[in-house]
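Novice: starting from these lines, generate the structure:
(chains A and B)
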Amino acid sequence: DAGITQSPRYKITETGRQVTLMCHQTWSHSYMFWYRQDLGHGLRLIYYSAAADITDKGEVPDGYVVSRSKTENFPLTLESATRSQTSVYFCASSDPPNQPNGELFFGEGSRLTVL
Amino acid sequence: GEDVEQSLFLSVREGDSSVINCTYTDSSSTYLYWYKQEPGAGLQLLTYIFSNMDMKQDQRLTVLLNKKDKHLSLRIADTQTGDSAIYFCAESYGTASKLTFGTGTRLQVTL
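Specialist: Residues are numbered from 1 along each chain as shown, chains lettered A, B, ... in the order given. Have a look, this model is predicted:
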């Protein structure tokens, strides 16, 4: 089915380990985003990408790395996980040329716990 | 990013109207949005309003925008139990569909 999928949906890891969250979309949307959701903070933008091989920092990029070698994939890597990175992570995509209202399409989220 | 503020919780009885409020700070916002998040799911766009509009109505939903006070509200008429969710307001600025989200308001609908 077309859409935006995230994996894994749930992950438990330990402090200091590397973790990669995957995001795949089948719409060929140009823009992709990573947000984290924390109580009291709402959603905060980590990184975004306007196209393959183009990425930019959002509001809270420290401790995260992204890449976009293909339009459909936008993995998020925590190089050395910390407890403060325990959160729910959402990937989203958008297609500004065809949807000028800027609507974002979200995945179902990846819940990460860092022990 | 700019701060977008919402109250954290709202409880209403089924059949009543719900009003969820939001204040934002970026006067150059192009669009303002309301997204809905059901338990265990991602966010879905509920409705949006262009910054040069004052009001938008879509079935049971009414969005009011007061640009002078930078205040956005979402009214849900005849609130149903299926409306129980977290509601996020968001604003976009510049290009790239970069949205700034509020903290979210949890709407609880009681019988």
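Novice: now B:Asp58, which residues is it bridged with?
Specialist: Under DSSP bridges, the beta-bridge partners of B:Asp58 are B:Leu61.
Novice: wait, isn't it in contact with B:Ile49?
Specialist: No - contact between B:Asp58 and B:Ile49 fails when scored by Cβ atoms under 8 Å: they sit 10.0 Å apart. Every C-beta, even on glycine, is put in place using the N, C-alpha and C of the backbone.
Novice: list the buried ones in stretch B:29-43?
Specialist: Buried residues in stretch B:29-43, counted by 16 or more other Cβ atoms under 10 Å in any protein chain shown: B:29-37, B:42-43.
Novice: ok, stretch A:77-92 next?
Specialist: A:78, A:81, A:85-92.
Novice: quick one: neighbours of whichever residue of chain A sits closest to chain B, just the number.
Specialist: Residue nearest to chain B within chain A: A:Phe106 (3.2 Å; Cβ to the nearest Cβ). Neighbour count for A:Phe106, taken as other Cβ atoms under 10 Å in any protein chain shown: 21.
Novice: return the set of residues that bridge with it.
Specialist: A:Ala92.
Novice: is it true that it touches A:Cys91?
Specialist: Yes - in this structure, A:Phe106 is within contact of A:Cys91 by Cβ under 8 Å, at 7.3 Å.
Novice: which residues are common contacts for these two?
Specialist: A:Ile4 (Cβ atoms under 8 Å, 6 or more residues apart in numbering or on different chains).
Novice: from A:Asp62, how far off is A:Gly40?
Specialist: Between A:Gly40 and A:Asp62 the distance, using Cβ to Cβ, to the nearest Å, works out to 19 Å.
Novice: report the two of the buried residues of stretch A:77-92 separated the most.
Specialist: Spatially, the most separated pair among these is A:Ala81 and A:Ala92, at 22.0 Å (Cβ to Cβ).
Novice: which of the buried residues of stretch B:29-43 sits closest to A:Lys70?
Specialist: Comparing the buried residues of stretch B:29-43 against A:Lys70 with Cβ to Cβ picks out B:Gly42 as the nearest, at 21.6 Å.
Novice: up against chain B, what does chain A have?
Specialist: A:31, A:33, A:35, A:40-45, A:48, A:50, A:58-59, A:90, A:92, A:94, A:96, A:101-104, A:106-109 (Cβ under 8 Å from any Cβ of the partner chain).
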